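Colleague: pasted the sequence and its predicted model underneath.
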Amino acid sequence: MHRFLRTIGFSEFRDKRQLEKLIRDSIENPDMQKIAVDSDGCEFIQITKMFHESFGIVICGQYQDEGNFSMEYYYPVFIGHGISTDEQIEIERHVNNESYAGICDEMRLGVTLIFYMQNVADYLNQKAICEAPFQNVTTTLSALALNGKIILPICKNEQQIKNTEKNRLNHNYLMAAARDGDEEAIESLTLEDIDLYSMISKRVEKEDVFSIVESYFMPYGIESDQYSILGTILEIKETQNQLTKENVLLMKINANDLIFDLCINEKDLIGLPEVGRRFKGNIWMQGKINFLD
């Protein structure tokens with residue numbers, strides 16, 4: 001059973017027979033089916049069954065000679081909206097099956113962003129006609145969360161908000177310059193980190209850490225595409241899994257200035273979500289690469 005299946009409203013699916021029936025019904029009644037040729041030259045089928053306009057399951061495999069579908073793997077999918085990043089993307093195949101990870105150096109995060117690619121069939125088809133289909137493309141990121149907490153925002157006046165925005169723009173400029181090998185930018189970032197560490201060390205003696213740290217985005221666990229985040233809620237939508245009728249929350253999150261959609265089962269969220277409040281939790285990052293037509 002995929003751990004993140006509960007995120008899209010299948011928390012009561014604990015029996016293997018329930019899962020097998022769900023997959024069988026999805027194969028027999030798909031909402032979308034795409035065909036491509038995989039890295040070994042074999043037929044690759046990507047079947048999508050949606051249980052809401054934004055989430056469902058993806059089943060990948062191939063048809064056998066007798067017409068039966070042989071599943072290689074499946075995973076829950078949550079489709080995000082908008083453009084999250086336009087940084088150059090590198091794509092790497094996973095070892096155990098025909099699935100792929102997208103990788104990019106996202107300056108706003110300060111870490112290499114790795115996500116699970118949703119549209120594998122599109123990538124394989126693009127790769128067949130173009131050697132570098134991932135050049136000059138944008139990416140729509142989305143996240144699934146197994147758990148989360150709602151935290152109140154940090155109270156700021158107008159001047160503090162302006163200073164935060166100014167510091168953010170300056171930091172992004174220095175990160176871009178440092179990536180290109182600018183030694184002065186590297187030195188400025190180092191001094192900035194030292195000052196930040198000194199400030200936090202003093203304030204944390206008398207303040208709660210979440211009144212100091214407004215947002216973060218950092219790797220979590222041993223899986224390369226899972227992260228621990230703290231971000232501001234920009235939008236909220238309550239919906240249901242059309243099959244199980246479980247309540248699911250969809251939120252747009254701003255974490256370290258990276259904006260993406262997030263999906264979580266209502267029963268796994270602690271606190272009352274509202275626009276302006278913050279979401280804290282561990283996520284599995286997915287992404288759809290928007291290839292040029």
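Modeller: That came through fine.
Colleague: residues touching V248, list them.
Modeller: 7-9, 52, 55, 238-241, 263-266 (C-beta atoms under 8 Å, 6 or more residues apart in numbering). For glycine as for every other residue, the C-beta is placed from the backbone atoms N, C-alpha and C.
Colleague: next: I8.
Modeller: Applying C-beta under 8 Å, 6+ apart, the residues near I8 are F51, H52, F55, G56, I57, P76, F78, L144, N241, V248, C263, N265.
Colleague: pretty sure N147 sits in a strand.
Modeller: Yes - applying DSSP: H, G, I helix; E, B strand; the rest coil, one finds N147 inside a strand.
Colleague: for beta bridges, what are the partners of it?
Modeller: Note on N147: beta-bridge partners by DSSP bridges are N282.
Colleague: so it touches I283, yeah?
Modeller: No - between N147 and I283 there is no contact under C-beta atoms under 8 Å: 9.8 Å.
Colleague: the two: who's more crowded?
Modeller: I283 (29 against 14; other C-beta atoms under 10 Å).
Colleague: out of the contacts of I8, give me the one that has the most neighbours.
Modeller: Busiest of the contacts of I8 [other C-beta under 10 Å] is C263, holding 29 neighbours.
Colleague: what pLDDT does that one get?
Modeller: C263 carries a pLDDT score of 97 in this model.
Colleague: and the residue of the chain positioned farthest from its centre, which of the three is it?
Modeller: Residue farthest from the centre of the chain, counting by C-alpha atoms, centre = their mean, is E66 at 37.6 Å. The three-state label given to E66 by three-state DSSP is coil.
Colleague: and the nearest residue to A36 once chain neighbours are set aside, what are its phi and psi?
Modeller: With sequence-adjacent residues excluded and distances taken as C-beta to C-beta, 6 or more residues apart in numbering, A36 is closest to L124, at 3.7 Å. Note on L124: backbone dihedrals following degrees, to the nearest 10 are phi -60, psi -40.
Colleague: where does pLDDT dip in the stretch 101-250 of the chain?
Modeller: The model of the stretch 101-250 of the chain has pLDDT under 70 over residues 131-134, 161, 171, 179.
Colleague: ranges for the strands of it?
Modeller: With DSSP state E, counting those that start in this stretch, the ranges of strands along the stretch 101-250 of the chain come out as 111-117, 138-151, 216-219, 226-240, 247-255.
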